[in-house]
Every structure is written in C-alpha cells, then in structure tokens.
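**Q** A predicted structure for the sequence below; I have some questions about it.
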Amino acid sequence: MKDDQRKPDHVEDEVAKTLASLNDFDTIDTGPYFLTRLEARIKEGEAEREPWLARVLLGSRLAPALMTLVIVVNGLTAWTALRPSDDTDESSRQENVEAIADEYLLTPTDFATNIQSE
Amino acid sequence: MASEGMTEKQVVEELRRGNRAVFRQLVESHQTKVLNICYRFVHSREEAEDLAQETFLEVHRSISGFRGGSSLGTWIHRIAVSKSLDFVRKQGRKKRRGLFGKPVSLDESTEQVPAPRSTVPDVQLEMRERRRVLQTALESLPERQRVAFVLSKYDGMSYQEIAQLLKTSLSSVESLIHRAKNNLQKKLRRYYEQEM
C-alpha cells in the first residue's frame, strides 16, 4: 500500500488513540489534611466577616480582662454616687451659700427678719 | 455518624444551623467525586484540590440559598463544575491561534498534564502529548458539549446525573456528547493531517 493510502488510516488511528487517552484518567483521592485545611479556611472566613472591633473586644484573651474592668468602673461609679456626704462637703456648701448671700447683699438672718416685718 | 438516618431536608436544615459534624459528614461523602470532577477539567492534582476546597467553601457560604430544586449532591457537583470552568477561563496562559481555529495554550508544562499510567518513558511521553492535544481540542468546544463529554468520561457520573447537573434532559446529554465527540474527531483529524 502506498504511503498516501496508509495516511488516512494512520490519522484515524491517532485520532482514536488521542480520544481514548481521556479514559486513562486515574481516580484520585484527597490528601489526608483536606478536611482540616477546609475547616481552617472556614474559620478564617468567619473571622474576617466579624467587625474588627468585635474581634478585638471579644477576642478570647481580652474578654475576661475587659469584663473585669467594666465591673470595677461601674462599682466605683456607684459607690461614689451613693456614699454619704462628709463634713468637707457640708462646709463647702455653707461657703457657697454665704458667697451667694454676699453677692445679693443678703444674709439668712436679714431674710428671716424681712419676712417677719411684712 | 451525624447525618445517618436523616433525610436530605434535615441535613440541609442542620447545615443552615451551622452543625459542624453534619458538614464534616457531607464533605467526607462528596470530596472524592468533587475532586475528580475538578481534576478532569484542570488536569492538575494541586489545582483540583484547591478547587474542591473552594467548592465546599461555597457550599458552606451558600447553603441558606439552596432551594431544593435538585438534590444536594447535584447542587454541589454543579458548583464544582462551575468553579472548574471559571478557573480554566481565568488561567491567563499565553495564547496563540492554533490548528483548531481557537486559541491554544503554549503552556506545555507537565504539571498541566496528569502522569499517564504507563511507566515506560517513551509511552509516558506519547500519552502526555496526546493529552495535551486533547486538552487543547476540548477547550475549543462549546462549553456545554465540553462539560457533558468530560463528565461522561468519569465513571462516577451517570448520564442521568449529568442531565441533572446541566438542568437538561437525558436525550440532550446524549446529543451533546455525540456532537462533542464528532467535533473532537474533526479537530483532531485536521491536526494530525497537518502534522503528517
């Protein structure tokens, strides 16, 4: 058979072999850490979606410290607001009253006298 | 096992609630098939594994949008095919007009062509070359023909599953595969005639 006559057979042969090469694909398996890597990526994605301030404030190490700070500050505020007033406060209040009386040329006694005389 | 005895609807509900054990179970059930679907499109184990990871990440993110129009497995495989096709499109290899009339890749890196089964070097080289030629020819096919043909070559997928994945009928899948094969034969014939 001449070369030219053999050529179409050879071409068809090559075509068939090339098409058949797709049948030779092995079935592959995932590596041993596929699931571990996937879960790590999911966790990363979830962390990225949280606002940065929430991440800082609610981060596992800072949360107990911040909570303690909040409790202490609130406690101090409450104690300051509710504690009984002492002599120092009373004397400064008296000073304020006298300063106002001087300003308006009044004394508590004058005021009382004025009321009685009316 | 976490999802044993659960219906698919219950599995979906648990996934929406963020049940990690059920998600883990889902991954273990589908990872091999997803990986091999990707592998048949991208021809690289490393890239196939990355794409398989991307597929499950997408499943995790989008499970609330799953409407149940198809089975959960089909939905997952559809995502895998979509990710693989996006990857192939975005690859950005240098192209030149080739024998098939469409851009062909100049990238002859062996990483892109999976190792053939034979251990004889000459045979390996020949098979690697055939796969490169075939891969180029496949990339020149219309997308639906390419998807149907490539998936039909994977033993793990029936024509019925391919039909569900492509949201078409069984007869359409058979037609797509038939046309894909004819087109590939024409392209390869032209290529080998010019080679000789």
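**A** Ah, there it is. Every value quoted in this text rests on a predicted model; they were computed, and no experiment measured them. Numbers count the residues shown, from 1 in each chain, chains lettered A, B, ... in the order given.
**Q** Can you dump the C-alpha atoms of stretch B:130-138 in PDB for me?
**A** Extracted in PDB, the C-alpha atoms of stretch B:130-138 (Å, rounded to 0.1, in the frame of the first residue of the first chain):
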ATOM      1  CA  ARG B 130      -1.900  13.100  23.400                       C
ATOM      2  CA  ARG B 131      -3.500  14.500  26.500                       C
ATOM      3  CA  ARG B 132      -2.100  17.900  25.700                       C
ATOM      4  CA  VAL B 133      -3.500  17.800  22.200                       C
ATOM      5  CA  LEU B 134      -6.800  16.500  23.500                       C
ATOM      6  CA  GLN B 135      -7.000  19.200  26.300                       C
ATOM      7  CA  THR B 136      -6.500  21.900  23.700                       C
ATOM      8  CA  ALA B 137      -9.200  20.400  21.400                       C
ATOM      9  CA  LEU B 138     -11.600  20.200  24.400                       C
END
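**Q** Tell me if I'm right that residue B:154 and residue B:40 touch.
**A** Yes. Residue B:154 lies in contact with residue B:40 (Cβ atoms under 8 Å); the separation is 5.6 Å. Bear in mind the C-beta positions are built from the backbone N, C-alpha and C, glycine included.
**Q** Out of these two, name the residue with the larger neighbour count.
**A** residue B:40 (22 against 18; other Cβ atoms under 10 Å in any protein chain shown).
**Q** If I look at the more buried one, what pLDDT would I see?
**A** On pLDDT, residue B:40 comes in at 88.
**Q** Please report how far it lies from residue B:79.
**A** The gap separating residue B:40 from residue B:79 is 15 Å, by Cβ to Cβ, to the nearest Å.
**Q** Moving C-terminal from the helix or strand residue B:125 falls within, which element do we reach first?
**A** For residue B:125, the element it lies in under DSSP states H and E is helix B:121-139. Where DSSP H and E defines the elements, the next helix or strand beyond helix B:121-139 is helix B:143-152.
**Q** quick check, distance from that next one to the centre of its chain.
**A** Chain-centre distance of helix B:143-152: 8 Å, with Cα atoms, centre = their mean, to the nearest Å.
**Q** by contact count, what packs against it?
**A** Other elements packing on helix B:143-152 under the criterion 3 or more Cβ pairs under 8 Å, 6 or more residues apart in numbering or on different chains; DSSP states H and E are helix B:20-42, helix B:72-90, helix B:121-139, helix B:159-165, helix B:170-195.
**Q** Return the most buried member of those helices.
**A** helix B:20-42 (a mean of 21; mean count of other Cβ atoms under 10 Å in any protein chain shown).
**Q** just checking, next helix/strand downstream of the helix or strand where residue A:79 lies?
**A** Using DSSP H and E, residue A:79 sits within helix A:62-82. Using DSSP H and E, the helix or strand that directly follows helix A:62-82 along the chain is helix A:87-103.
**Q** Just the buried residues of that following helix, please?
**A** Residues of helix A:87-103 include none that count as buried (16 or more other Cβ atoms under 10 Å in any protein chain shown).
**Q** ok, now how distant is residue A:74 from chain B?
**A** Distance of residue A:74 to chain B, given as Cβ to the nearest Cβ, to the nearest Å: 34 Å.
**Q** Remind me what the helix holding residue B:125 packs against, helices and strands.
**A** Contacts defined by 3+ Cβ pairs under 8 Å, 6+ apart place helix B:121-139 against helix A:3-20, strand B:103-105, helix B:143-152, helix B:170-195.
**Q** what about 10 Å?
**A** Applying 3 or more Cβ pairs under 10 Å, 6 or more residues apart in numbering or on different chains; DSSP states H and E, we find helix B:121-139 packed against helix A:3-20, helix B:20-42, helix B:72-90, strand B:103-105, helix B:143-152, helix B:170-195.
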